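[1] Following is a predicted model, sequence given first.
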Amino acid sequence: MTVTIVGSQLGDEGKGGVVDLYGDAADVVVRYQGGDNAGHTVVYDGDTYKLSLVPSGAVRGKVGVLGNGCVVNPETLFEEIDTLRERGLDPDIRVAERAHVILPYHRALDGIEESEKDDLAAGTTKRGIGPTYEDKAGRRGVRIGDLLDPDVLRERLEYVVPQKKALAEEVFDAETGEAFDIDFLFETYREYGTRLAEEDMTVDCGSFLQERIDAGDNVMLEGAQGTSLDIDHGVYPYVTSSNPTAGGATVGTGLGPTVVGDGEVIGIVKAYLSRVGTGPLPTELGGVEGQTPGYDPDAGAGDDEEELATYIRDEGGEYGTVTGRPRRVGWLDMPMLRHATRANGFTGLAINHIDVLAGLDEVKVGHSYEFDGEEIFTMPPTTEQWGRCEATFETFEGWDDVDWSDVADEGYDAIPENARTYLEYISDELEVPIYAVGVGPGREETVVVEDPYA
Ligand code: IMP
């Protein structure tokens, strides 16, 4: 069977920990979208692994697959594999031949375009994600399978590279170097192709996975980013360029929708909100310069809201895994979660980081929005409309900081009562049962209520 893990908010919900925990029963862990923009932290045997491309299950000896919906930077791929090997692991990674390749000009153009866009910039990770998906949709991309065939690779590069060079130089007035040089690219990417072939890493993803499922294997489909960063269902244009939502799990792997729908779809919820990048955020606390629209760092300095934001940011380690940028933080946003629940069809929830909020006198939740004089309960379809929404808050009594490892050992009833009230409010509002509660960064610090593979 399959279990699909989806971020219900804006990424960084702690998906890695849940994938790691439930991944124990999985034989194969697959990423279905995104690329090396997806920072995930896995704590295993006391060691911390920070990965941005390789599926987290690989740390634990699972077969890790990058599905056809992914965009793959081979440089990052091999760096991460080599680092894991140096640390004594033996990762088994497969890459879909249909996945698209991030080339150096994609990275260069991501940076160039972001600086041109001003207010429309999404605050991307500058990993070349958007430009690679653009080329995929424009039918001028290079796919992993092309790296194995020198004639096809050269033909593709000869067609596309002059266009990219002209775009960079003539439209954006930027300097171009080897990132736009056909011979350099051909040699470098041909070598990656040779290594992929030598290590027998490439697969026809859908067939590979279906065969494993037919043989009785458990497959985990691991979404990166989150629902509000989805190119269709997120806060466009402040989104990533793929579909983190559960539909992406079928398109991005080659498994049929009925296969994915037959399994479980678990929504990962962070008990508050965090955001890397720009765009509105109705429940935001304080702000982060360069990311919060119209933010003046001196205006609110020292006030209670800024202090609370700093407290949550520091307690929760809310600094980007990939970029190190401070994340914007805010209270939980229920309209965002109702939207995510519908778009993904969650069958279970894993709610993380309730330990981070411990010790606060009160915890607030954006229960609904006031939008043009009306109360609404889900996100409006345009980002401009979302920017006009004002959150209406509900207030919950806070809970004490306790020994969260003990709580994880003892189970759900050991969670402080006020925190359970908060959790049950979320579950009741969304009409989705709680499968797990994260009470700390390690996978041992998770209260497991339901095992989706059982
Ligand atoms: P891109 O995916 O690099 O194109 O970035 C597009 C938007 O998605 C930006 O606002 C990024 O900050 C955000 N983003 C991309 N990956 C992640 C992630 O793994 N966690 C949180 N935000 C992300």
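    Done, it's in.

[2] What is the burial count for Q225?
    28 (other Cβ atoms under 10 Å). C-beta here means a position set from N, CA and C on the backbone, and glycine is covered the same way.

[3] ignore the last one, G34
    G34, neighbours per other Cβ under 10 Å, totals 30.

[4] Okay, and the beta partners of it?
    Under DSSP bridges, the beta-bridge partners of G34 are C70.

[5] So it sits against A224, correct?
    Yes - the pair G34 / A224 is scored as a contact, 3.8 Å apart, by Cβ atoms under 8 Å.

[6] which stretches of the protein have low pLDDT?
    300-302, 321-322 (pLDDT under 70).

[7] Show me what from it comes close to the ligand.
    11-12, 37-39, 122-125, 127, 129-130, 224-225, 229, 238, 240-241, 276-277 (Cβ under 6 Å from any ligand atom).

[8] thinking again about what came up before, show me whatever sits in contact with both of G34 and A224.
    Common contacts of G34 and A224 (Cβ atoms under 8 Å, 6 or more residues apart in numbering): P244.

[9] so how far is R139 from the residue lying farthest from the centre of the chain?
    Each residue of the chain has a distance to the centre, and by Cα atoms, centre = their mean the biggest one is for D151: 34.8 Å. Computed as Cβ to Cβ, to the nearest Å, the D151 to R139 distance reads 18 Å.

[10] can you check G287 too?
    For G287 relative to R139 (Cβ to Cβ), the value is 41 Å.

[11] Please say which of these two ends up with more neighbours.
    The neighbour comparison of G287 against R139 (other Cβ under 10 Å) goes to G287, with 22 against 6.

[12] What is the helix or strand encompassing the residue farthest from the centre of the chain packed up against?
    Secondary structure assigned from DSSP states H and E places D151 in helix 150-166. Counting by 3 or more Cβ pairs under 8 Å, 6 or more residues apart in numbering; DSSP states H and E, the packing neighbours recorded for helix 150-166 are helix 104-117, helix 144-147, helix 182-198.

[13] Pick the most deeply packed of the ones you listed.
    Mean neighbour count (mean count of other Cβ atoms under 10 Å) peaks for helix 144-147 among the helices and strands packed on helix 150-166, with a mean of 24.

[14] can you list contacts of that one?
    With Cβ under 8 Å, 6+ apart, helix 144-147 has contacts from 72, 74, 95-101, 152-153, 156, 189-190, 192-193, 196, 202.

[15] would you put the C-alpha positions of it in PDB?
    Taking C-alpha atoms only, helix 144-147 is exported to PDB below (Å, rounded to 0.1, in the frame of the first residue of the first chain):
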ATOM      1  CA  ILE A 144      17.600  12.200 -16.600                       C
ATOM      2  CA  GLY A 145      17.200   9.700 -19.300                       C
ATOM      3  CA  ASP A 146      18.800  12.100 -21.800                       C
ATOM      4  CA  LEU A 147      22.000  12.200 -19.700                       C
END
